[in-house]
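Asks: Pasted the sequence and its predicted model underneath.
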Amino acid sequence: MNTTARVVAILAVLPLLGAGVAGASAAEPAASTPASTSVSTSVSMIAVPPVRYFARPDVEATFNHQRKSESLFDSNYGSESFRVKASSRTKVLDAEIHLEWTDVIYVTKGSATLVTGGRLSNDTTPKTFPDGTPFTETKMGSSIIGGESRRVSVGDVVVIPAGTPHWFKDIDGPFWFFNVKTR
C-alpha cells in the first residue's frame, strides 16, 4: 500500500476514533487485543498484522498524559511504518520540522492557530533524547518566522508533509488531536 492509500485509509477511520472522545473522562490503563490473521491469495498465504483496538478510556488516558507516551501504536511494517498518537496541548510548545515523517492531524477537542511553512527561529533542537540516543529526525525552534497561519478546531484534518515547519500557538484548550505519523 503506498503512502497516499495509507493516508486515505487512516483519514477514513479517524472520525470514528474521535467520535465521543471529547466529552468523557476515565483513567484506566491502556490495553489492546491483537488478533492476527492471514489472507489466502492464488500465489501464497500473506501474513496480515493484527488489528489493534484502543478503548475510549485508554485514548482519554493518553490525551490526559496518564500514560508514559502519546503513542497509542508504533508500527514497524518496513517501508509502511507509521505511528498513531493521541496528542494534546495546553500551552505553546516549540515549533518543529520532521525530516522523515508526514503528520496527519485530526482535531478532536479545542482549537489552536497552526502555523506552517516559513522557517524556524532560535534553534532549540536537543542533541540527544533523555536516554542518550541521538535526536536527529526532528529540528526544533522557539517559533516560526513567516509561514501561513490558520485556525484549526474540532473536526479539522491537516496533512503536514515531511520537511514542513509547523507550530501550534494561541491554544484554546485543552487542545486534543490524533496525529498519525507516516513515512
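Replies: Happy to help now that I have it. The model shown is predicted, which means the values in this text are computed figures rather than measured ones.

Asks: so which strand or helix has the nearest residue to residue 105 once chain neighbours are set aside?
Replies: Spatial nearest neighbour of residue 105, excluding adjacent residues (C-beta to C-beta, 6 or more residues apart in numbering): residue 158 at 4.6 Å. Backbone N, C-alpha and C define where each C-beta goes, glycine included. Using DSSP states H and E, residue 158 falls within strand 157-160.

Asks: Can you pull the phi/psi pair for residue 56?
Replies: The phi and psi torsions at residue 56 (degrees, to the nearest 10) take the values phi -50, psi -50.

Asks: Distance of it relative to residue 75?
Replies: From residue 56 across to residue 75, the span is 22 Å (C-beta to C-beta, to the nearest Å).

Asks: for residue 49, same thing?
Replies: Distance from residue 49 to residue 75, by C-beta to C-beta: 7 Å.

Asks: Ok, residue 98 next?
Replies: 16 Å.

Asks: Compare neighbour counts for the two and give me the winner.
Replies: residue 98 (19 against 14; other C-beta atoms under 10 Å).

Asks: Could you list the low-pLDDT ranges of this structure?
Replies: 1-44, 76-80 (pLDDT under 70).

Asks: Nothing else from me, thank you.
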